[in-house]
Every structure is written in structure tokens, then in C-alpha cells.
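> need a 3D model of the following:
(one chain, ligands or ions: 1)
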Amino acid sequence: MGKESYDIIVIGAGFGGCSSAALLAKRGLKVLLIEKNANAGGKAMALSKNGFTYAAWVVVGAPVLENKHDIVLKELGMEDRSGLVAPGRSQGNIFISDSGEFKFLPDMEQFMDPEVMFEWLEVKPEEQEEAYRILTDISLMPPEEIAKLHDTSFDDFLSRYTVPSGLHAFLCSLLVDLLFVLPSDVCAASEAIVCMQDMFLRDGGLFHKGGFGALAEIYCDGVRENGGTVLMGTRTEKIIIEDGKVTGVQTEKGNFNAPIVISNAGIQPTALKLVGEEHFDKSYIAYIKDLVPSVALMGTRYFLNKPVAKEPFGVIFSTKSAWTTERFAKATRGETEKTGVIFYEVPSNYDPDAAPEGKQVFITSYWCPADPNTPPEEFEKWRKESESLVLEAFPELEDCIEDKDVFTAFDVSKETRDHVLPGQGGECIGLGQFLGQCGDSKPSVQAPVQGLFYVGCDAGGIGVGTQQAVDSGIKLADTVLTYYGMRAAT
Ligand SMILES: Cc1cc2nc3c(=O)[nH]c(=O)nc-3n(C[C@H](O)[C@H](O)[C@H](O)COP(=O)(O)OP(=O)(O)OC[C@H]3O[C@@H](n4cnc5c(N)ncnc54)[C@H](O)[C@@H]3O)c2cc1C
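The predicted model follows:
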């Protein structure tokens, strides 16, 4: 039997878990939030070392305006504690032209000024009318039209237009490859367009002082300050099911009782490992096993003895960098080059306190396979090819390195999601944007076991990365509150 009883237990203090836990505590429920790591934030956790503070990998948010964090912070009454900052117009995006020139995006008076963008992307004058049409259609598409694109890939959507190659690189490489970490031929156009509208109309580049994980810690305080309990450094080993209903969890620190368990540990690890196949119908297990996650990002944290980058973040890309499923599969098999889009972040260009005076931490991220069991020498091949492009863009970087840490999908899985199926564990986002897994086909937040729910980027939310996780947290808090009320009434 368990030692303590709660209304709700939330497994995992990623952004989906801690936002839903804080909202449910604020709404009066007795909440226990259990996290296996010492810190909150999951895939957006913050780290510190030798006077540097930073997210474990590149984590930049979008949109800036009307973002979901503000909704949660407002309900919690904690707006004044947030360290969210926007970069203003300052961005370090670099387009590598077909002639090999590394071209920084010029300063713009307004975000996404088409004239500046088209010149930068080398869109020819005769191509510009069509380029405007594409950007306008994406920016102004109403929700009912977007909803018709759940089963259309972003590539198929773009095939309706004659897309100039520079604009194609911008949309598929700079945006889809980085926002969803999925090739544009398997990324649902509906999800892509919603997120592009966020970027185009409500700006991008949001950062949190101390790294995004510091914001997750604020949500954990929201749980505590509303009467809930947060158990960090505690792995949930089992979700206890009796007579087809959730009754609590088993952890390394003992058992805890609750009639409702919300899991942020990922649908596949939750169903297959924490609950166990025997508690589900065979068809549900087959369905779970068939769900396809996003691809992964790996990269390097460079600790520099002097600043080398002026901007807070940027993307390095070319007309050849966009990933397709076929090119990624070939790159994984070693049949073609492993270089795609590269993302970099410089925390101290947002927040001077993020690095000791006169120093800089410079973080890179680029695609790699999501399987944490990928041999280290394979990850090393992805690193070598991608980092050579980083050094071309920032030639002075190499001479300023005091220290560096390489991270791969192995680290992402170790810190966040358990590996339970081939090709899964180190994924960057989750399950919710792959073609055929969106709209009405998006995995349900409610598991087919009474009292078990999922939260985070696998189910229920829409948006870019942490926004999607928090969107799922907000919506799930409503669903669970209704379920809790109905359960109490019957
Ligand atoms: C390399 C990388 C770069 C990224 N860059 C960006 C970016 O620039 N912008 C952006 O918006 N998003 C980015 N993301 C994505 C974003 O971080 C995620 O989409 C989001 O944070 C996922 O939140 P989540 O709630 O789904 O769950 P997760 O972050 O996966 O959190 C799950 C939590 O559950 C915990 N947990 C799991 N199992 C157990 C267990 N058995 N017991 C207890 N606790 C458990 C984990 O430790 C973790 O804290 C990036 C992700 C990665 C990996």
C-alpha cells in the first residue's frame, strides 16, 4: 500500500508536466509532482558550470507575443518572477548562397521584412510575386483551412507553388527542420503553418534568463506555493493499476496513491514500461509501437575565453541543407553527407550574467538519429561534418575554446525519455507532428486505462517545442479537472 495520498500525481517536470501540475495545484487539487532529475525542464533543462549558465542545448522559443508561458504565469500570479526576454530585431541567421558566400541576415526595421528577406535569400525580381503569395497564404490562412491540411505534408502543400530556391531553404531548412526536427515530406502542413504564423506574426527568438529550465523551476514553485509537493531526483518505476484503474505510483522512494496519474514521460515509455503491455488491449499496444517520433539534435557547448558571436542566436543554412526522409536515411547509412541546418545560441548575448565577464558560451545543434544506442563513432561523424560548417561561419571560434562538451541523442534520452523502442528515446520533440499523427489522429491525452493521462509534446498540444508542451499542459489541466469533478460526482 502507498504511504501518502494525492488527488493527482504528475510524472515528470518537463514543460508539459510542471505547467499542468502547477495549474491543477492552483485550482485546488492536492498534487504530487515527481521528477527523476535533480532539476526541472526536461528537454529544455538549464545547466551551469564555471560561472556560465545555459540551456543544455539550443533552446529558443516562439512566439514572443501571446506565448503560452505568459498564460500559465498569469494564472499562477507569478508573472513578475519570469526571466523571459526577447532578442528584438537582432538575429544571426546565415544563408550560405549557392556561390558559397556566408551571408548574415541584415538588420530589419520590422520582423520578416520581405524586401530585406528576398534580397538576402537571393529571390530574383521575377520570382518575388510568387514568393509574396506563398508568405501571404501561410501568414493569413484561417484555422478552418489549416485544419484541412492535417494529412498533407508540408512538401505537398508547397508543391502548389513555384517556390524560389532561397525561400524554399528558408521555409524547409531554417523553419521546418528546426521547429519540428522532422523532414518536410513527413511534417504535417497544418502544424507547420500554425507555427509559421506564430513566427511571422508574433515574432521568434524568446529566451529565458538562466536557460529555459529556470522557467520550469518557477512552475515547480507554483506547485509548492499552492499546497502541492515536488519530489525531485525520484524516478517513477511503475504506475500501479488495480482492476483496470490507476491507483498510484511506485518510486524508488516508496509508493504514492492517487486515482489520477498524468505522465510526462512519453506515451511509449509510459504504456510499455511504466504501466506494462499486459494492462492494455493488444491493438492499443500495436498502435503505440507504430507511432513515429521526431528526429534528434546533437551539438557542442563551447566555453570561449572571448566573445566570437554578436547575435543571441542564429541558423546556418543553404539551398542544399533541407532534410528529406530519403536524404536523412542515406546520411544515417553513410551514403551521403550528414550536413544539414545548424542552429546556434549565445546565452550571454541575451543575458550578460550568463557568462563570466569577457567570456562567451556558444552552443550548436544539428540533426542526428534519435536512437540513443547509435554507436558513439557514428554520432562523431555527424558532429565532425556539422562542426566544420560552424567553424567556417565563425573562423575565430577554434582559437578561443577553453572547454567544450559534446551532447548527442544518448544524453537527451538519458536526461529525459527512456529508450523502449528502436529509433526512439533521444527525439527532440515528440510524436505530435508526424504526418498521420496530427489533427483527429493526434495521440489522445487519455490512455485506455481509467485515470491515466499523457501530457507534453506527444499529445494534446500544438506549437514550437516548449510552447507545444505548455499548450498540452494548459489543455490537459482543463480535461483532468473535468474528469476529477465527474469522478467526485459519481
Ligand atoms: C537538443 C534539443 C534542442 C531543442 N531546441 C528547442 C528550441 O530551440 N526551442 C523549443 O521550443 N524547443 C526546443 N526543444 C524541444 C523542447 O525542449 C521540447 O519539445 C519540450 O521541452 C518537451 O517537453 P515535454 O513536456 O514534452 O517533456 P520532456 O522535456 O521530455 O520532459 C519529460 C520529463 O519527464 C521526466 N521523466 C521521464 N521519465 C520519468 C520517470 N520514470 N520518473 C520521473 N520522471 C521522469 C524527465 O526527466 C523529464 O524531465 C529542443 C529539444 C532538444 C532535445
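
> hey, where'd the helices end up in the stretch 1-150 of the chain?
Applying DSSP state H, counting those that start in this stretch to the stretch 1-150 of the chain gives helices spanning 15-26, 68-76, 114-120, 128-140, 143-146.

> rank those by mean pLDDT and give me the bottom one.
For the helices of the stretch 1-150 of the chain, mean pLDDT drops lowest on helix 114-120, to a mean of 93.

> between the two ends of stretch 274-283, what distance do you get?
In stretch 274-283, first residue to last residue: 18 Å (CA to CA, to the nearest Å).

> list the buried residues of it.
Residues of stretch 274-283 classed as buried by neighbour count (16 or more other CB atoms under 10 Å): 274-275, 279-280. (Glycine included, C-beta is placed from N, CA and C.)

> pLDDT of that stretch, averaged?
For stretch 274-283, the mean per-residue pLDDT is 97.

> number the residues from 26 up from this point.
Right, with 26 as the first residue, what we last looked at is stretch 299-308.

> how about residues contacting it?
If you take CB atoms under 8 Å, 6 or more residues apart in numbering as the criterion, stretch 299-308 is touched by 36, 261-264, 266, 269, 288, 290, 296, 310, 313, 472-474, 477.

> now with 7 Å, please.
Residues from elsewhere that reach stretch 299-308 (CB atoms under 7 Å, 6 or more residues apart in numbering): 261, 263-264, 266, 288, 290, 296, 310, 473-474.

> so which of the residues you listed belong to helices?
Among the contacts of stretch 299-308, DSSP state H puts Ile310 in helices.

> in TSV, list the contacts of stretch 299-308 along with distance to Leu101.
Below are those laid out as TSV (distance: CB to CB, whole Å):
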residue	distance to Leu101
Thr261	24
Lys263	31
Ile264	27
Ile266	32
Ser288	22
Ala290	23
Ala296	30
Ile310	37
Pro473	32
Val474	30
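
> which of the contacts of stretch 299-308 are close to the ligand?
Among the contacts of stretch 299-308, the ones lying near the ligand by CB under 6 Å from any ligand atom are 261, 290.

> which parts of this structure sit against the ligand?
Counting by CB under 6 Å from any ligand atom, the chain sits next to the ligand at 36-42, 59-62, 67-69, 82-86, 260-261, 289-290, 322, 390, 437, 441-442, 453-455, 481-482, 489-491, 494.

> buried subset of these, written for PyMOL?
In PyMOL, this line selects whichever of these come out buried by 16+ other CB under 10 Å:
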select buried, resi 36+37+38+39+40+41+42+59+60+61+62+67+68+69+82+83+84+85+86+261+289+290+322+390+437+441+442+453+454+455+481+482+489+490+491+494
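
> check contacts around the closest residue to the ligand within the stretch 126-275 of the chain.
Of all residues in the stretch 126-275 of the chain, Thr261 sits closest to the ligand, at 3.7 Å by CB to the nearest ligand atom. Applying CB under 7 Å, 6+ apart to Thr261 gives the contacts 36, 59, 274, 276, 299.

> same thing but 6 Å
Contact analysis of Thr261 by CB atoms under 6 Å, 6 or more residues apart in numbering lists 36, 59, 274, 276.

> picking that back up, can I get the helices of the stretch 26-175 of the chain in CSV with distance to Tyr31?
Formatted as CSV, these follow (distance: least, CB to CB, whole Å):
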stretch, distance to Tyr31
helix 40-51, 10
helix 93-101, 19
helix 139-145, 51
helix 153-165, 44
helix 168-171, 37
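
> residue of the stretch 376-515 of the chain closest to the ligand, please.
The stretch 376-515 of the chain approaches the ligand most closely through Gly490 (2.0 Å), counting by CB to the nearest ligand atom.

> check the nearest residue to that residue once chain neighbours are set aside and give its pLDDT.
Excluding its sequence neighbours, the residue lying closest to Gly490 (CB to CB, 6 or more residues apart in numbering) is Ile454, at 6.2 Å. On the pLDDT scale, Ile454 is placed at 96.

> ok so Ile454 is a strand residue?
No: counting by DSSP: H, G, I helix; E, B strand; the rest coil, Ile454 is not found in a strand; it is coil.

> isn't it up against Gly481?
No: judged on CB atoms under 6 Å, Ile454 makes no contact with Gly481 at a distance of 9.6 Å.

> what's around the residue lying closest to Pro131 once chain neighbours are set aside, how many residues?
Distance criterion CB to CB, 6+ apart; nearest residue to Pro131, sequence neighbours excluded, is Val141 at 5.6 Å. Val141 is flanked by 15 other residues according to other CB atoms under 10 Å.

> my read: Val141 touches Glu134, true?
No: Val141 is beyond contact range of Glu134, at 8.4 Å (criterion: CB under 6 Å).

> quick revisit: buried ones among the contacts of stretch 299-308?
In the contacts of stretch 299-308, the ones that pass as buried (16+ other CB under 10 Å) are 261, 264, 266, 288, 290, 296, 310, 474.

> quickly list what the fourth one is bridged to.
So that's Ser288. Listed beta-bridge partners, Ser288: Ile36, Tyr479 (assigned using DSSP bridges).

> contacting residues around the residue of the stretch 76-225 of the chain found nearest the ligand?
When scored by CB to the nearest ligand atom, the stretch 76-225 of the chain has Trp82 as its residue closest to the ligand, at 3.5 Å. Trp82 sits next to 324, 390, 432 when contact means CB under 6 Å, 6+ apart.

> burial measure for Tyr391, as a count.
What Tyr391 shows, counting by other CB under 10 Å, is a neighbour count of 28.

> and for the one 10 residues further on?
Close neighbours of Pro401, defined as other CB under 10 Å, add up to 9.

> quick one: it from Gly37, how far?
Plainly put, Pro401 is 27 Å away from Gly37 if you go by CB to CB, to the nearest Å.

> what's the closest of the buried residues of stretch 299-308 to His175?
Comparing these against His175 with CB to CB places Phe305 closest, at 25.5 Å.
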